[in-house]
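Visitor: Build the 3D model from these lines:
(chains A and B)
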Number of protein chains: 2
Amino acid sequence: MWNELNEYLEKYNALTQAIKLLAWDIETEAPRDSIDNTSKTLGLLSSEAYETLINPEVEHLLEVIKPAELSAREAAIFHELQKQYKKLKVIPKQEYQAFTELTTKAQHVWAEARQKNDFAMFAPYLEEIVATHKRFIGYLGYTDHPYNTLLDDYEEGMTVEVLDAFFAEVKAAIVPLVETAVKGNEQLDDSFIFVAYDVDKQRQFSRFIAEYLGFDYARGVIKESAHPFTEHMHNKDVRITSAYLANNIASGILSTIHETGHALYELGVADTWTGTLVGEGTSMAMHESQSRFYENVIGRSLVFWQPLYPRLQEMFPEQLAQVSVEDFWRAINKVQPSLIRTEADEVTYPLHIMVRYEIEKGLFDGSIAVNDLPQVWREKMLEYVGVAPSNDAEGVLQDIHWSGGSFGYFPSYALGSAYAAQLTKALDKVLDREDDVAQGTFKAINAYLTEHIYQYGKTKTAKELLEAMCGEAFNPQYYTEYLQAKIADVYGK
Amino acid sequence: MWNELNEYLEKYNALTQAIKLLAWDIETEAPRDSIDNTSKTLGLLSSEAYETLINPEVEHLLEVIKPAELSAREAAIFHELQKQYKKLKVIPKQEYQAFTELTTKAQHVWAEARQKNDFAMFAPYLEEIVATHKRFIGYLGYTDHPYNTLLDDYEEGMTVEVLDAFFAEVKAAIVPLVETAVKGNEQLDDSFIFVAYDVDKQRQFSRFIAEYLGFDYARGVIKESAHPFTEHMHNKDVRITSAYLANNIASGILSTIHETGHALYELGVADTWTGTLVGEGTSMAMHESQSRFYENVIGRSLVFWQPLYPRLQEMFPEQLAQVSVEDFWRAINKVQPSLIRTEADEVTYPLHIMVRYEIEKGLFDGSIAVNDLPQVWREKMLEYVGVAPSNDAEGVLQDIHWSGGSFGYFPSYALGSAYAAQLTKALDKVLDREDDVAQGTFKAINAYLTEHIYQYGKTKTAKELLEAMCGEAFNPQYYTEYLQAKIADVYGK
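Guide: Take a look at the predicted model:
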């Protein structure tokens, strides 16, 4: 009977691989005029993938197969299928498809609304997306807070209770750090970051730095897209993009390092899980912990740049010959309140997330109405980040997530950084991380992360992995301590 | 009922698009270690595509739908489906799948056999492929000659009778041309073609020349692969590859022009047919007629190079400043008997095809046995081309086609050149082609070909298109005359 079920699973995985390749292709290479037709193709294949898993035969197999009679490998896949199945089958197929169509349309409207700075244009779609989610939450049920059901999609078991405490602690710690930084910025020159840098040389340096960190070109591809992202077909085909700016040397390099972190996670999944339901990173936040670990803990550290920086100087002598590695390191760690999340520094970033978290929570407990979002956005930005947008394009319309139906996703970004800080502590107990980084060797670090996180794919939850590795539950204190130490290092004590 | 059928067709087309993108990706970008898994995915999606068309519901709909009640557009698609259905449904699904598995395996074995120069290793697979085809021909039936059934897959209505006459005429005309050329080669210097040419500059020139001929980057992509090819998802997404050699300026340019010809055909299909069963070129030979028209009739003509050559000289002054456009043109038209089909010149090329044609015909009428192929190959090469390989890697093992199960395909290559010559005659009656080419304008030529060929996709057969355009049936005489004129031009009368 497993074989019978496995046929459905293999077909599902084949369709998923095709969908991922089409999506990757749209962002990186597809000619402009092909998009309409490819969107249609993606819609059809997504329906097909859905029907491959959600159908009476699979439902029957899920009922009659006894996990105890399966091998450990089969049981792990079976367990994951059960989890996904429970969520999907309570939603009527028609409503699921209508939601897919709604969000496809909403993304187009959002893009236009952002361009025209016209929130009213997007509002009715957002209303309908929120209403649909509320209906889905009705089908799925919830514990304590309706938003918990949405959080669970991205971070199994995550709750408003945990996040409220997390963000309160983060906010309390960060506000004084930002004040210190803003004062210190008078002595921090980062102007050399924003001069002309040849894009082709940046591209070369990116390819080099990804490999330096352990990216394997026999199992991966690096390309470019408007917004950097990572796509994986399975652990033997992991692709990242970067984006290079002609007037900013830091943006492309740090994007590459960030995506390399995501890629190392997927590349580290054990071969047993190649092309199966569990053959990928376990959660959004755990994924983000890896990208942020490599980007911030490693990529924004002085020891990382000490051996590398001469190479960068050699590539860009005009721009960097007179700039010391310490000044370069300080510049890429500059903290400065700003309006756009994706451009935010490491310290103010979680405050941007907090704004979104509170809005999402409020939308689902009914305390915030869609029409009030522009105003709420401005108020919260001013309160937490200290700046407020003069228009909605730079405010509530800046992110694509809500138009795509993704609610409960944003907190993962901040959690990822916090997980990264906590697991760095665990890692530092057994490895001399700084010494390895100073020597440009990432084998031991990568092996540690593979052993404790990557290899398992989705067979363990983020909570299980974190607790096993750190010997305690999620604890945001490591994160605030990490940020405090960073600010002390960069801005002086 | 059409809507019901159309759902199957749309799903089939979505799967086909995904399969094509996966195939394109494997050749151009996929990381090395991903291939095994992607091959499996391709197998699963191909089965799925097959089952989407070949099933009792579609069979029922084909029986009950009355073409007379369909729109002209629907009727054209319906007609194509009927044609494809008839061929596929007589072959039992298990045998079809077994054949797919056999040829997948055989391609791997062939690659290894070629590398090891070991025909005996490949022979059993080839035996089984031929045996399977014979069984399929048994299911499908045939008229006059069993090989006709295979020919029909690539060129509807093509027969051994037509091809025997065609190749006899070609051979009679070409043998003296080759003699003339070989004598003339003493005065033909083409050594400057084979010096070092910067690959990145070649790439730039290729991108330019494709656009110069009418390739539209809003609907197309140019990339690189080991062997140049064209892939189309539909008429709004047409992709070509070229391959650049560091020591050969002609190879990459002419490959690009060749593939651009294929691409222009697909780009010219009318939007009515986007993403449907008829939304692509009508036959292999008609497709090849377009690539050869652009590559040989246009791309190897002196008028084509007169305006372009200064640009190439400017790009490669060291290599070409002292070479006149006439000498360059002569060099890229040099005729020289050689062992490898894909490297053959325009004149000896059809003789390479003739060798394969006679072997295929012999395999299916029983006059040639698989085990005798190396010997037969050598004899026929010596007889027609005038050279014989000393090993099978350069002989009977050189082409991938048979390992992939493609029999009946090779003749299209030669027919394509002959169609190209015939339609050039028709085109020249209404357009001043040489004047357009000399001025670097391809609008009128492309519009003519779109009007008479491209727009129709598969809704008309090659035979119908050729006869409508030329006012007469296929006539190989235009081809032999074209080659005679070419040799007279290049080598003097």
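
Visitor: what about residue A:342, neighbour count?
Guide: Counted with other CB atoms under 10 Å in any protein chain shown, the neighbours of residue A:342 add up to 12. Backbone N, C-alpha and C define where each C-beta goes, glycine included.

Visitor: Now do the contacts for it.
Guide: Counting by CB atoms under 8 Å, 6 or more residues apart in numbering or on different chains, residue A:342 touches residue A:227.

Visitor: So for it, what's the pLDDT?
Guide: For residue A:342, the pLDDT comes out at 89.

Visitor: And it, how close does it get to chain B?
Guide: 27 Å (CB to the nearest CB, to the nearest Å).

Visitor: now that residue, what's its secondary structure?
Guide: helix (DSSP: H, G, I helix; E, B strand; the rest coil).

Visitor: So it versus residue A:175, what's the distance?
Guide: Going from residue A:342 to residue A:175 by CB to CB, to the nearest Å gives 22 Å.

Visitor: swap in residue A:45?
Guide: On the measure of CB to CB, residue A:45 and residue A:175 end up 47 Å apart.

Visitor: and the two? which has more neighbours close in?
Guide: Neighbour comparison, residue A:45 and residue A:175: the larger count goes to residue A:45, with 21 against 14 (by other CB under 10 Å).

Visitor: Give me every residue in chain A lying close to chain B.
Guide: A:10-11, A:13-15, A:17-19, A:21-22, A:25, A:29-34, A:36-38, A:40-41, A:44-45, A:48, A:217-221, A:233-234, A:236-237, A:274-275 (CB under 8 Å from any CB of the partner chain).

Visitor: Count the residues that sit near the residue in the stretch 251-400 of chain A that chain B sits nearest to.
Guide: Residue nearest to chain B within the stretch 251-400 of chain A: residue A:275 (5.5 Å; CB to the nearest CB). Residues lying near residue A:275 (other CB under 10 Å) number 22.

Visitor: Repeat that for the one 4 residues further on.
Guide: As a burial measure, the neighbour count of residue A:279 was computed by other CB under 10 Å and equals 24.

Visitor: For it, which non-adjacent residue is closest in space?
Guide: residue A:273 (3.7 Å; CB to CB, 6 or more residues apart in numbering or on different chains).

Visitor: In the stretch 101-250 of chain A, what residue spans correspond to strands?
Guide: With strands called from DSSP state E, counting those that start in this stretch, the stretch 101-250 of chain A shows them at A:220-224, A:230-234, A:237-242.

Visitor: Between strand A:220-224 and the second one, find me the angle.
Guide: The one in question is strand A:230-234. 150 degrees (axes from the mean of the first three to the mean of the last three CA atoms, to 10 degrees).

Visitor: Likewise for the last one?
Guide: Strand A:237-242 runs at 20 degrees relative to strand A:220-224, counting by the same axes, to 10 degrees.

Visitor: average model confidence for strand A:237-242?
Guide: If you average the pLDDT over strand A:237-242, you get 97.

Visitor: what does the second one give?
Guide: Strand A:230-234 shows an average pLDDT of 96 in the prediction.

Visitor: List the buried residues for it?
Guide: Neighbour-count burial for strand A:230-234, counted by 16 or more other CB atoms under 10 Å in any protein chain shown, picks out A:230-234.

Visitor: So which elements touch it?
Guide: Where contact means 3 or more CB pairs under 8 Å, 6 or more residues apart in numbering or on different chains; DSSP states H and E, strand A:230-234 is packed against helix A:2-28, strand A:237-242, helix A:249-268, helix B:35-53.

Visitor: Which neighbours in the sheet does it have, and how are they oriented?
Guide: strand A:237-242 (antiparallel) (DSSP bridges).

Visitor: next one: the first one
Guide: Here strand A:220-224 is paired, per DSSP bridges, with strand A:237-242 (parallel).

Visitor: Only the buried residues of the partner strand, if you could.
Guide: Residues of strand A:237-242 classed as buried: A:237-242 (neighbour count, 16+ other CB under 10 Å).

Visitor: what's the farthest-apart pair in the residues you listed?
Guide: A:237 and A:242 (17.9 Å; CB to CB).

Visitor: Next, residue A:440: secondary structure please.
Guide: Following three-state DSSP, residue A:440 is assigned to coil.

Visitor: in the stretch 51-200 of chain A, which segments are predicted with low confidence?
Guide: Residues of the stretch 51-200 of chain A meeting the criterion pLDDT under 70: none.

Visitor: is it true that residue A:222 touches residue A:205?
Guide: No: in this structure residue A:222 lies outside contact range of residue A:205 using CB atoms under 8 Å: 11.6 Å.

Visitor: Compare these two and say which is more crowded by neighbours.
Guide: Per other CB under 10 Å, whichever of residue A:222 and residue A:205 has more neighbours is residue A:205, with 22 against 19.

Visitor: any idea how far the more buried one is from residue A:255?
Guide: Separation of residue A:205 from residue A:255 (CB to CB): 12 Å.

Visitor: next one: residue A:430
Guide: 30 Å.

Visitor: Looking at those two, which has the bigger crowd around it?
Guide: residue A:255 (24 against 10).

Visitor: burial count for the closest residue to that one other than its chain neighbours?
Guide: Take residue A:255 and drop its neighbours on the chain: the residue closest to it by CB to CB, 6+ apart is residue A:228, 4.2 Å away. The number of residues packed near residue A:228 is 23, by other CB under 10 Å.

Visitor: Chain B: which of the buried residues of strand A:237-242 is nearest?
Guide: residue A:237 (3.6 Å).

Visitor: For the nearest residue to the closest one once chain neighbours are set aside, give me its contacts.
Guide: Of all residues not flanking residue A:237 in the chain, residue B:34 sits nearest, at 3.6 Å (CB to CB, 6+ apart). Applying CB under 8 Å, 6+ apart to residue B:34 gives the contacts A:219, A:233-234, A:236-237.

Visitor: about what we covered before: now, among the buried residues of strand A:230-234, which is nearest to residue B:194?
Guide: Nearest to residue B:194 among those, counting by CB to CB, is residue A:233 at 40.2 Å.

Visitor: Find the nearest non-adjacent residue to that closest one, please.
Guide: Nearest non-adjacent residue to residue A:233 (CB to CB, 6+ apart): residue A:17, at 4.8 Å.

Visitor: Pick out the residue in the stretch 351-493 of chain A sitting closest to chain B.
Guide: residue A:457 (14.9 Å).

Visitor: What about that residue, how many residues nearby?
Guide: Counted with other CB under 10 Å, residue A:457 comes out at 26.

Visitor: One more: residue A:108?
Guide: Applying other CB under 10 Å, we find 12 residues neighbouring residue A:108.

Visitor: swap in residue A:365?
Guide: Neighbour number of residue A:365 under other CB under 10 Å is 12.

Visitor: That one against residue A:145, yeah?
Guide: Yes: applying CB under 8 Å, one finds residue A:365 in contact with residue A:145, separated by 6.5 Å.

Visitor: Now do the helices in the stretch 301-450 of chain A.
Guide: For the stretch 301-450 of chain A, helices defined by DSSP state H, counting those that start in this stretch occupy the ranges A:302-315, A:317-320, A:325-331, A:349-365, A:373-380, A:410-430, A:433-438, A:443-452.

Visitor: So for residue B:419, which of the ones you listed sits nearest?
Guide: Between the helices of the stretch 301-450 of chain A, helix A:302-315 lies closest to residue B:419; by CB to CB that is 53.1 Å.

Visitor: Contacts only, for the nearest residue to residue A:284 once chain neighbours are set aside.
Guide: Using CB to CB, 6+ apart and skipping residues adjacent in sequence, the residue nearest residue A:284 is residue A:412, 3.6 Å away. By CB under 8 Å, 6+ apart, the contact set of residue A:412 is A:154-155, A:283-285, A:287-288.

Visitor: ok, residue A:408 to residue A:285 distance?
Guide: 11 Å.

Visitor: list residues touching both of those two?
Guide: A:154-155.

Visitor: I'm done for today, thanks for sticking with me.
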